[in-house]
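Enquirer: predicted model, plus sequence, below.
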Amino acid sequence: MNRCVLVLLSLAACSRTTSEPAPAATSATTPASASAMAAVSDAAASHAGHATFGVAPGSSVGPGAATGAADVTWEAPKGWASVPSPSAMRKATYRIPKASGDAEDAELTVTSAGGSVQANVDRWAAQFGGATPKTVDRNVNGLEVTVVELKGTFAGGGPMMGGSGPKEKFMLLGAIVKGNETAHFFKLTGPEKTVTAARADFDALVGSLRPK
């Protein structure tokens, strides 16, 4: 009898006991750990690209990098007289006083046009009967500039040069500034003695070139 009572009491206790599920494991991200993860992510991204914003990998931008320019500015020598340009295609025209013994003044014209640098060097050479030009590539204040020198008989002419017939013992000093779509041309022509005397002023003008 007593044994039956004990069995019944044990069964009743088991029926009242319910099994509760164990709480699910959770992970919390603290602000410190979030910052650390973000730092690792940023470092990985930087290492993968090796790039500065707006600069393609492998590119170099800085004072030593030459670029094209939509327009340029310059400083004309004090001894050069600015004169009206005979054509709207010219951006500026300067007259350089003739040296002693020369028959006429020299002229510097500033224009913009298309075409490659070499094509324009060849065009200038053709104006001197196909003479071989001397060229030097320079980086002037971040601009790509090709300086050109030619000597010989000049067949170009123009209003300031009289526009009549070939002119012997003439000289050209030119600077071609590479642009984005068009190039900028600084072309000094005149009697060889006068242009030679103006070389220092021409070099100073080239050295003053800057993107506008």
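Expert: On my side now, so go ahead.

Enquirer: what residues are bridge-paired with residue 170?
Expert: Residues in a beta bridge with residue 170, per DSSP bridges, are residue 152, residue 191.

Enquirer: what's the spacing between the residue lying closest to residue 96 once chain neighbours are set aside and residue 177?
Expert: In this structure, residue 96 finds its nearest non-sequential neighbour in residue 106, 4.1 Å apart by Cβ to Cβ, 6 or more residues apart in numbering. Every residue, glycine included, has its C-beta placed from N, CA and C. From residue 106 across to residue 177, the span is 20 Å (Cβ to Cβ, to the nearest Å).

Enquirer: those two - which one has more neighbours?
Expert: residue 106 (30 against 26; other Cβ atoms under 10 Å).

Enquirer: residue contacts, the more buried one?
Expert: Contact partners of residue 106, counting by Cβ atoms under 8 Å, 6 or more residues apart in numbering, are 95, 96, 98, 188, 189, 190, 191, 194, 195, 198.

Enquirer: over to residue 174?
Expert: 124, 147, 148, 149, 150, 185, 186, 187, 188.

Enquirer: and which of these is nearest residue 70?
Expert: If you rank those by distance to residue 70 using Cβ to Cβ, residue 185 comes first, at 15.0 Å.

Enquirer: could you tell me how many residues sit around the closest residue to that closest one other than its chain neighbours?
Expert: Once flanking residues are discounted, residue 185 sits nearest to residue 111: 4.9 Å by Cβ to Cβ, 6+ apart. Look at residue 111: counted by other Cβ under 10 Å, it has 17 neighbours.

Enquirer: so residue 86 makes contact with residue 93?
Expert: Yes. If you go by Cβ atoms under 8 Å, residue 86 and residue 93 touch, sitting 7.5 Å apart.

Enquirer: the two: who's more crowded?
Expert: The neighbour comparison of residue 86 against residue 93 (other Cβ under 10 Å) goes to residue 93, with 21 against 12.

Enquirer: assign that one to helix, strand or coil.
Expert: Assigned with DSSP: H, G, I helix; E, B strand; the rest coil, residue 93 falls in the strand class.

Enquirer: what pLDDT does the model give it?
Expert: pLDDT for residue 93: 97.

Enquirer: check residue 137 too.
Expert: Residue 137 carries a pLDDT value of 97.
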